[in-house]
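In: Fold the following, please.
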Amino acid sequence: MSHIFLLFAVCLLPFAVLAQTAQEIVEKSDDARNLGQPFKMRMRLTNLENEQRKARAEFELLVSGHDKTLVKFASGRDKGNYLLLAGDDMWIYISNTRKPIRITPIQRLMGEASNGDVARANFSQDYDATLLGEEALNGSACWKLELKAKSPGATYHRIEYWVEKAAHLPKRADFYLISGKFYKTALFEKFEKISVAERFLTRTVLIDQLRPGRKTVMEYFAVQPEKIPDKYFNKNYLPNLQ
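Out: The predicted structure follows:
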């Protein structure tokens, strides 16, 4: 009986190692989107339809750890509003109103960018990873992984994810809804050296798979470490940020 159990355990070992390796790949790819310390940056969203610009807006982001992000609307008619991620909870605060409103990560913030696309930048925290194999993508050798949501707080139910092998940089993500429908694609197009990181993601293109011709360009700039009071990530403090 002990021999049978030992054989069973040995057979399972490669799968355990494979799962652990897959999670490590995702963790390393997350480094290109998070400094590992509190930081601030600016973000620009540009909506395109058939390559024609339809709208543009700018935002200021304060990020602390894997699950705290404060997004300030910095332009247009929504200027002065705030989007807050704290753990698995997300709220929007409309300027000069009394209370923040609870929202979900999948809701659209602007164009093809959802609230979660903007505020949640760590796949390794929200998803369990499985390594599907290796695949070339635009001439780069990549790992192809499947990510499945750990909890309802994750933005998407399932993701197919490509990570460049040479530098552990994210290359592409295909997002699927709980219904199984192919929702949209993210192309991680540009990485730049900044003061505190060798490679930081500065341009992502989100392509709508349900409405052909529509996409949103996400650009990040002015990235730098910042000491951020923890009270900024408390929904009850949002009215004080006016």
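In: Number of residues surrounding Ala74?
Out: Neighbours of Ala74 under the rule other Cβ atoms under 10 Å: 17. Quick note: C-beta positions are derived from backbone N, CA and C, even for glycine.
In: how about the helices in this protein?
Out: With DSSP state H, the ranges of helices along the chain come out as 2-30, 115-119, 123-126.
In: weakest of these in terms of mean pLDDT?
Out: Among the helices of the chain, helix 2-30 has the lowest mean pLDDT, at a mean of 60.
In: so what's Phe188 bridging to?
Out: Here Phe188 shows beta-bridge partners Thr204, assigned using DSSP bridges.
In: and the gap between Arg77 and Arg102?
Out: Here the criterion is Cβ to Cβ, to the nearest Å. By it, Arg77 lies 22 Å from Arg102.
In: Kindly report the same for Glu49.
Out: Glu49 sits 30 Å away from Arg102, going by Cβ to Cβ.
In: out of the two, which sits in the more crowded spot?
Out: Under the criterion of other Cβ under 10 Å, the comparison of Glu49 against Arg102 puts Glu49 first, with 15 against 10.
In: Listing request: residues of the protein with sub-threshold pLDDT.
Out: The model of the chain has pLDDT under 70 over residues 1-20.
In: if we go to 80?
Out: The model of the chain has pLDDT under 80 over residues 1-20, 242.
In: Give me the most central residue, it.
Out: Computing the C-alpha centroid of the chain and ranking residues by Cα atoms, centre = their mean puts Ala121 first, at 3.1 Å.
In: what separates the closest residue to it other than its chain neighbours from Leu169, distance-wise?
Out: Excluding its sequence neighbours, the residue lying closest to Ala121 (Cβ to Cβ, 6 or more residues apart in numbering) is Arg33, at 4.3 Å. Going from Arg33 to Leu169 by Cβ to Cβ gives 10 Å.
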